[in-house]
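A.B. asks: Got a predicted model here, sequence first, then my questions.
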2 protein chains.
Amino acid sequence: MSKKVLIVGGVAGGASTAARLRRLDETAEIIMFEKGEHISFANCGLPYYIGEVIKDRSNLLVQTPEAMHNRFNIDVRINSEVSNINFENKTVKVNSKDKGEYQESFDYLVLAPGAKPMKPPIPGIDSSKIFTLRNVNDTDKIKSFVDNSGCTNAVVIGGGYIGVEMAENLRHRNINVTLVEAAPHILAPFDSDMVTIAEKELEDNGVNLILGDGVKAFNENVTSITVVLNSGTEIEADIVISAIGVTPDTAFLKDTPMEMGPKGHIIVNENLQTNIENVYALGDAVEVVDFINGSKTAIPLAGPANKQGRIVADNISGIKSSYKGTQGTSIIKVFDLTCAGTGNNERILNSKNIKYKVIYALPQSHASYYPGASPITIKLIFNDEGKVLGAQAIGYEGVDKRIDDIASLIRLNGTIEDLTQLELAYAPPYSSAKDPVNIAAYIAENVLTGKSEVVLPRDIDNFNKETTLILDVRNSIERENGYIKDSMHIPVDELRNRLEELPKDKEIWVFCQIGLRGYIAERMLKANGFKAKNITGGYKVYSLGKF
Amino acid sequence: MSKKVLIVGGVAGGASTAARLRRLDETAEIIMFEKGEHISFANCGLPYYIGEVIKDRSNLLVQTPEAMHNRFNIDVRINSEVSNINFENKTVKVNSKDKGEYQESFDYLVLAPGAKPMKPPIPGIDSSKIFTLRNVNDTDKIKSFVDNSGCTNAVVIGGGYIGVEMAENLRHRNINVTLVEAAPHILAPFDSDMVTIAEKELEDNGVNLILGDGVKAFNENVTSITVVLNSGTEIEADIVISAIGVTPDTAFLKDTPMEMGPKGHIIVNENLQTNIENVYALGDAVEVVDFINGSKTAIPLAGPANKQGRIVADNISGIKSSYKGTQGTSIIKVFDLTCAGTGNNERILNSKNIKYKVIYALPQSHASYYPGASPITIKLIFNDEGKVLGAQAIGYEGVDKRIDDIASLIRLNGTIEDLTQLELAYAPPYSSAKDPVNIAAYIAENVLTGKSEVVLPRDIDNFNKETTLILDVRNSIERENGYIKDSMHIPVDELRNRLEELPKDKEIWVFCQIGLRGYIAERMLKANGFKAKNITGGYKVYSLGKF
Ligand SMILES: Cc1cc2nc3c(=O)[nH]c(=O)nc-3n(C[C@H](O)[C@H](O)[C@H](O)COP(=O)(O)OP(=O)(O)OC[C@H]3O[C@@H](n4cnc5c(N)ncnc54)[C@H](O)[C@@H]3O)c2cc1C
Ligand SMILES: Cc1cc2nc3c(=O)[nH]c(=O)nc-3n(C[C@H](O)[C@H](O)[C@H](O)COP(=O)(O)OP(=O)(O)OC[C@H]3O[C@@H](n4cnc5c(N)ncnc54)[C@H](O)[C@@H]3O)c2cc1C
Ligand SMILES: CC(C)(COP(=O)(O)OP(=O)(O)OC[C@H]1O[C@@H](n2cnc3c(N)ncnc32)[C@H](O)[C@@H]1OP(=O)(O)O)[C@@H](O)C(=O)NCCC(=O)NCCS
Ligand SMILES: CC(C)(COP(=O)(O)OP(=O)(O)OC[C@H]1O[C@@H](n2cnc3c(N)ncnc32)[C@H](O)[C@@H]1OP(=O)(O)O)[C@@H](O)C(=O)NCCC(=O)NCCS
């Protein structure tokens, strides 16, 4: 007998499940319900269509109900909201725009309802000048407002990925943009030391950043809206984009036996099965295991959703397949800059009380003698056993590649030693003989084996002059352009001959521009009986903290 | 007591050893001999300086003897050839341009003499119009000839990496270039099916390719040189670049107890130690273990040489460190195209009698709805156990990244299943929710699990009409632009309703443009009791074979 499979949600997770299921099972009856008007659309492209980077709206629609029917023989029902589920009778209640309310029975049920924008209970939040962005309709509304209202000032609330992408794309439309973030920094997947690079890029491109200040109220005026912040600051705008995060779109599961997490996420096991037999769930709506630290988490990203779709289809078809967790690999273009990360950042590790070490590397994106190279700032986080816990990288070229290398290594449980050994493609336009990720691994390995001891730039400002000397080993020109207060200056190439100028009783914290010469000097000093440490990331990372 | 370490060769392997050694050991006496005039130069940049892509000659000199001395306290001796070694007395004989012949003793000896261009015994090979390219002097000579002789026609002999890079860079100088390759195809790391893409790019950029034809003789004329090929073809040129490969520069080790391979490579163990105690060797001059198939091989690339330098220094300093083999990850820019590979290709596997499977994937470099995406042709080679044996990729964007991902996976002994699970950075400008390497892995997994059976495009031409039907499932417009002879045509979206047109007794080889719809059709057919296979890579890869 052929199976009857109902799928709730028709975009990344739902449509992927449907397509794979059909490839595995030609006879299953597959019905996919989507409460919105569109299925299989390019969520991730929406901001770029508003910014007119993507010019053709039809490009956003990866699949249509008809095409999905013709190719995969899927019964796609749009404008059809699943409003309730009777797990005992194995039926769902559907609210259809065209057909009204009806029931549909199932053998298997797949829940892929995704997550919706959070709407904080702030006075004035219901203003028609405040928009959120989840689907094509939202996009049409925002774009039509931008196209037709002659708007010149926008406020984006929330500095997450969607907020930052919206800020950039509104700038592409020549709109003045203020981005308001309640936390001290934007883009939470990045630690604050790294993210200042992205904040600078935004400001350099005309985005007005307000950090560490939340919204208290929205006051709608006749032709504008005033955003009132906790600090008292008031910003007048023609349009507000609220992008403060997402929450699982699972209200229809309330008061059912479905097991849910504290924030409304569906709980699934390794096979993406819920607590109810023959009911699977995936995508933004589910809790996943953090691949690094093993705890439960929610990481609303398209890669995991699409991959999970395939796994759910396999399991329904009797092919045991498991999802091994999400490591949070993610990336964002911020104007010309690329910011990417994988694994846990310091914030997450601290919240889990996991011990870690940090180093920075600042290699060139490709051989520096070949035109077009630019530095990548890499932060590598690892533990005493050499396990790689996370990495963040920001730069103008080759950032995606390096994070993908490290993400692959993490997925395969590789160590710092493995990272030193990755044999990556080298020719001058693409990399260096020692790839940036090899360099980062060398630095980490030196720390692990005690060859180098590092000081984090953020620990410098309150160094103890009695016990510590800070030594600048850069050349004079570099020093003229700025240095760490109260540091002594001996260029690395003179150090061997000037050792007697240094104290043996103090700890010497060496720094150069990026950490390389600092490390060489540290080795030299250590060999000569000094207590030396290297300021990892050097003056460059130190300066980032000053932005 | 401090060690005395002599290093023969002062570029990639030698200089890297010296630098690391000093960082590990401040007191060692380190002398580095270089028979040429320059140390630590950017071998890999030389062609680009001739092409004036790299404008400033000083950029080629990564380190100078003085700088190397000042920073690392290395006694660098240029124009100093080590002509003989007495392993018993632990001395080397040095021929110095300035100081004449002298001896130097050692505790440890490091051999990093690299490899030199092969010079085949072809009549006329000693013409002053024939150049080879290894070092800065060679570069100066070629560049000065190009700059000053008003030369308009060049012949490059050999379609390896250096030959192709020279062809491209001479085109940048507006010189007519003919590239002659004796084998049927250029760029041996790539299988012939893939490399035609690069050959087309060369021709599109005005390089005249002559394949499968070797050089019989060079006839020097007054102002030109005639290259006579085995076929009888004669090509007149102003300049000839001979780039037919390299051979270890180890003649000075002949008649010593040093154990060498059949082609003159130094034999080393995992720790890069030779058969003689305290003597290490590395780089282009040594045999390495092929990481994939475990046999001995030689892969002259800068990444391995630099990495090995670090390992040699470690071992000399008492830190046990081993080199796990070379997988041959490599990359070349061919005008706007990038060609990269890792692991073994079919040619190598066949020579070792290793069984393998092949699939092609042709995903877009990033989400197709975001501007600028272009297809990447990926060839993935794996075995029945799911071990990844090799990969090749060619395209205009994101090729380096995908090969690096697979190279990392191979290094960590990852399987096809692991490759499906890599969680890579996705936002529309960078990738798709299922990254190209995930897609390649899905295709391979389907083959491994029997969900899909594939036919290689090269097996089509002599298909047996009695037993096999070829079915084109593309749309009519695609078909109008060319199709496989004698194939039947039913668009995939009509297939479910037209099954009765197909025979059940024949094997049906389905194809579409790249393999995706072919696979969907294959699944449909299989489910309906047909014997179906998918032509992997579809019409696109089939057409490559026709170039
Ligand atoms: C603007 C934007 C940009 C993004 N950019 C990126 C990016 O660059 N990279 C990245 O990895 N991720 C990105 N994402 C996140 C990514 O789109 C999601 O992680 C992914 O779409 C989740 O897939 P899903 O199937 O769980 O949910 P969705 O794709 O949201 O699909 C869920 C669908 O279910 C429908 N639905 C919900 N409840 C019901 C119901 N009761 N009945 C019927 N239908 C229902 C919803 O209408 C929705 O269409 C972005 C998201 C947005 C909004
Ligand atoms: C034009 C060109 C382009 C290249 N492009 C790339 C690329 O894009 N990617 C890549 O990975 N690799 C590339 N390579 C290869 C890469 O440069 C080599 O693999 C690497 O340099 C090998 O390092 P090595 O130390 O073994 O040898 P080398 O770097 O060649 O150094 C050996 C040195 O030893 C000296 N020497 C030899 N014998 C003696 C002696 N008896 N006494 C004293 N000195 C001696 C030689 O003069 C030479 O300078 C390229 C090579 C060339 C020539
Ligand atoms: C459009 C959509 C339904 C397609 O789902 P899909 O068919 O599973 O995915 P793809 O089109 O990427 O195709 C992948 C399948 O084709 C196969 N395939 C791809 N290229 C192939 C080739 N050249 N040869 C053979 N098979 C190929 C893969 O093996 C895979 O099949 P499998 O899962 O059975 O192994 C789904 O991706 C979707 O809805 N996307 C839009 C929404 C979205 O993802 N939003 C978030 C990102 S913006
Ligand atoms: C120039 C040359 C001598 C440098 O050798 P090197 O000092 O070992 O290499 P790098 O400059 O890349 O520096 C790497 C070292 O600095 C350390 N390092 C790099 N960046 C650092 C940072 N930000 N903080 C701390 N340490 C850093 C690395 O850990 C590594 O040290 P280790 O090996 O002791 O762990 C050598 O690479 C060379 O001769 N190159 C030119 C020739 C060549 O390679 N040709 C082929 C390619 S064209």
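C.D. replies: It's in. Ligands and ions are numbered 1, 2, ... in the order given.
A.B. asks: what helix or strand is whichever residue of the stretch 351-500 of chain A sits closest to ligand 4 on?
C.D. replies: When scored by Cβ to the nearest ligand atom, the stretch 351-500 of chain A has residue A:442 as its residue closest to ligand 4, at 3.3 Å. No exception for glycine: its C-beta is placed from N, CA and C like everyone else's. Using DSSP states H and E, residue A:442 sits within helix A:436-448.
A.B. asks: So which elements touch that helix?
C.D. replies: strand A:357-361, strand A:376-382, helix A:399-411, helix A:416-421 (3 or more Cβ pairs under 8 Å, 6 or more residues apart in numbering or on different chains; DSSP states H and E).
A.B. asks: Find out how far the helix or strand just after it is from the centre of the chain, if you would.
C.D. replies: The helix or strand immediately downstream of helix A:436-448 is strand A:454-455, counting by DSSP H and E. The chain centre lies 27 Å from the centre of strand A:454-455; the measure is Cα atoms, centre = their mean, to the nearest Å.
A.B. asks: Then stretch A:157-177?
C.D. replies: The chain centre lies 16 Å from the centre of stretch A:157-177; the measure is Cα atoms, centre = their mean.
A.B. asks: And that stretch, end to end?
C.D. replies: In stretch A:157-177, first residue to last residue: 10 Å (Cα to Cα, to the nearest Å).
A.B. asks: hmm, that stretch in reach of ligand 3?
C.D. replies: No - figure legend: stretch A:157-177 not in contact with ligand 3 (Cβ under 6 Å from any ligand atom); closest approach 12.3 Å.
A.B. asks: what comes up buried for that stretch?
C.D. replies: Using 16 or more other Cβ atoms under 10 Å in any protein chain shown as the test for burial, stretch A:157-177 gives A:157-171, A:173, A:175-177.
A.B. asks: now do stretch A:534-542
C.D. replies: Quick answer for stretch A:534-542 (16+ other Cβ under 10 Å): A:534, A:535, A:536, A:537, A:538, A:539, A:540, A:541, A:542.
A.B. asks: Please tell me how far the fourth one sits from ligand 4.
C.D. replies: As judged by Cβ to the nearest ligand atom, to the nearest Å, residue A:537 and ligand 4 stand 7 Å apart.
A.B. asks: My read is that that residue contacts residue A:455, right?
C.D. replies: No - contact criterion Cβ atoms under 8 Å: residue A:537 and residue A:455 do not qualify, at 9.9 Å.
A.B. asks: wait, what's in contact with residue A:191?
C.D. replies: Residues in contact with residue A:191 (Cβ atoms under 8 Å, 6 or more residues apart in numbering or on different chains) are A:345, A:346, A:347, A:379, A:392.
A.B. asks: Can you name the two of the residues you listed that sit furthest apart?
C.D. replies: A:347 and A:379 (12.4 Å; Cβ to Cβ).
A.B. asks: Just want to know which of the two has more residues nearby.
C.D. replies: Neighbour comparison, residue A:347 and residue A:379: the larger count goes to residue A:379, with 24 against 13 (by other Cβ atoms under 10 Å in any protein chain shown).
A.B. asks: what about the more buried one, distance to residue A:401?
C.D. replies: Between residue A:379 and residue A:401 the distance is 16 Å, computed by Cβ to Cβ, to the nearest Å.
A.B. asks: so which of the helices and strands packed on helix A:436-448 is the most packed in?
C.D. replies: Ranked by mean neighbour count, the helices and strands packed on helix A:436-448 are led by helix A:399-411 with a mean of 28 (mean count of other Cβ atoms under 10 Å in any protein chain shown).
A.B. asks: is chain B contacted by that one?
C.D. replies: Yes - using Cβ under 8 Å from any Cβ of the partner chain, we find that helix A:399-411 touches chain B at A:400, A:401, A:403, A:404, A:405, A:407, A:408, A:409, A:411.
A.B. asks: Could you list the buried residues of stretch A:59-69?
C.D. replies: For stretch A:59-69, by 16+ other Cβ under 10 Å, it's A:59, A:60, A:62, A:63, A:64, A:65, A:67, A:68.
A.B. asks: so how far is the first residue of that stretch from its last?
C.D. replies: 19 Å.
A.B. asks: Run through who's touching it.
C.D. replies: Residues from elsewhere that reach stretch A:59-69 (Cβ under 8 Å, 6+ apart): A:15, A:18-19, A:32, A:38-42, A:45-46, A:49, A:54, A:74-78, A:136, A:139, B:368-369, B:493.
A.B. asks: and those near ligand 3, which?
C.D. replies: A:15, A:19, A:40, A:42, A:45.
A.B. asks: What are the phi and psi values at the closest residue to residue A:176 other than its chain neighbours?
C.D. replies: Spatial nearest neighbour of residue A:176, excluding adjacent residues (Cβ to Cβ, 6 or more residues apart in numbering or on different chains): residue A:153 at 4.9 Å. Backbone torsions for residue A:153, taken as degrees, to the nearest 10, come to phi -130, psi 130.
A.B. asks: Contacts only, for residue A:153.
C.D. replies: With Cβ under 8 Å, 6+ apart, residue A:153 has these contacts: A:175, A:176, A:178, A:224, A:236, A:237, A:238, A:239.
A.B. asks: What is the nearest of those residues to residue A:474?
C.D. replies: Nearest member of the contacts of residue A:153 to residue A:474, counting by Cβ to Cβ, is residue A:178, at 37.7 Å.
A.B. asks: What residues does chain A have near ligand 3?
C.D. replies: That would be A:11-12, A:15-16, A:19-20, A:23, A:40, A:42-45, A:62-63, A:302, A:306, A:310, which are the residues of chain A within reach of ligand 3 (Cβ under 6 Å from any ligand atom).
A.B. asks: Filter these down to just the buried residues.
C.D. replies: Using 16+ other Cβ under 10 Å, the buried ones in the residues of chain A next to ligand 3 are A:11-12, A:15-16, A:19-20, A:23, A:40, A:42-45, A:62-63, A:302, A:306, A:310.
A.B. asks: need the helices for the stretch 201-350 of chain A, in chain order.
C.D. replies: Secondary structure of the stretch 201-350 of chain A by DSSP state H, counting those that start in this stretch: the helices cover A:302-316, A:346-351.
A.B. asks: so of those, which one's packed in deepest?
C.D. replies: For the helices of the stretch 201-350 of chain A, where neighbours mean mean count of other Cβ under 10 Å, the stretch averaging the most is helix A:302-316, with a mean of 25.
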